[in-house]
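Trainee: Give the three-dimensional model of this entry:
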Amino acid sequence: MRRGADLELVERCRPYAELLPGVFFSHVTAARLHGIPLPYGLQQEPVIHLSRDRGLAMPRRKYVAGHRLELDPGELTMVSSLPVTSLPRTLLDLAAQLPTDDLVVMGDWMISEHHRNFGTRRIAQVPLKDLRPYAEAKAGARGLRNLRSAIELMRVGVDSPQETRVRLELHRAGLPEFTPNTLIADAAGNPAVWVDLGCREYRTCIEYDGAHHLDPGQQSRDNGRDARTAELGWRQVKLNSYDMAQGPSWVVGKVRHALVQGGYQP
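Mentor: You can find the predicted model right below:
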């Protein structure tokens, strides 16, 4: 099973696949089966999205949202033995109903890859170089303009949805570009610290601390990382769920202040 897939949802879906010929799972249900990060409300959506090819009867059942979709080769895959629209196709289908920011969060998750000097290497589930031509080839599809706009905002290397949302808020505010998963090297050029988001021009970085940063062991490691970052001459902005709840102006203000200290002139 794909990492992050909803086990309860898999069991809810299985009878439909067994009893209804020619159906496959799409839209929000496909995203949840793939484990794609979604807005909270959609993570709890009670209906199942079932699709059939165009020309076949639309699935009609209680608690089912039926669709007719014409899929190209490669747009159907298997997740936990269930037929599910592929990652790019799922992104395209949701582009007609979701805001651009949500699509960027989903896309950043799909294209994320990195190879650091610690931890497990992350390989993109859909390389960005493949996602761009996929969108270019879908002329006339609903939501295509939204998807193409989202692809232009996607960046490789993001590790969490909140990192994406922070980066988008800074982008809209017109601040300098922050690169995901930035390496800060020591004087000898050796890897010293990896930060969530970094702006080399003004030696400013951002760390987003999720709930796991409350663990005492993680806090100790964070303290060491923070001290090393400061030793290397970088200004660090730490953000968490409280900061995000205060709204974009709060987050942008904190980051802008650090950038100004690094020489940035708004």
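
Trainee: How many residues are close by residue 165?
Mentor: Other residues near residue 165 come to 19 when the count uses other CB atoms under 10 Å. C-beta here means a position set from N, CA and C on the backbone, and glycine is covered the same way.

Trainee: Make residue 1 into 430 and carry on from there
Mentor: Yes, from this point I'll number from 430; that puts the last item at residue 594.

Trainee: in the helix or strand encompassing it, what counts as buried?
Mentor: When secondary structure is defined using DSSP states H and E, the element that contains residue 594 is helix 590-601. Counting neighbours by 16 or more other CB atoms under 10 Å, one finds that the buried residues in helix 590-601 are 590, 591, 592, 593, 594, 595, 596, 597, 598, 599.

Trainee: For those, please prepare CSV with the additional fields distance to residue 661 and pLDDT.
Mentor: Putting the buried residues of helix 590-601 into CSV (distance: CB to CB, whole Å; pLDDT from 0 to 100) gives the following:
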residue, distance to residue 661, pLDDT
590, 28, 96
591, 24, 96
592, 21, 97
593, 25, 98
594, 27, 97
595, 22, 98
596, 22, 98
597, 27, 98
598, 26, 98
599, 22, 98
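
Trainee: Which residue ranges of the protein form strands?
Mentor: Per DSSP state E, the chain has strands spanning 453-454, 477-482, 493-498, 505-508, 511-514, 608-614, 620-628, 633-637, 664-668. These are given in chain order.

Trainee: Mean neighbour count, these: which tops it?
Mentor: With neighbours defined as mean count of other CB atoms under 10 Å, the strands of the chain peak in mean count at strand 453-454, which reaches a mean of 26.

Trainee: That one packs against which elements?
Mentor: Identification of packing neighbours for strand 453-454 by 3 or more CB pairs under 8 Å, 6 or more residues apart in numbering; DSSP states H and E yields helix 436-448, strand 477-482, strand 511-514.

Trainee: Run through who's touching the helix or strand of the chain with the lowest mean pLDDT.
Mentor: The helix or strand of the chain with the lowest confidence, counting by mean pLDDT, DSSP states H and E, is helix 645-660 at a mean of 82. Defining contact as CB atoms under 8 Å, 6 or more residues apart in numbering, one finds that helix 645-660 is touched by 613, 621, 622, 624, 634, 636, 638, 641, 642, 665, 667.
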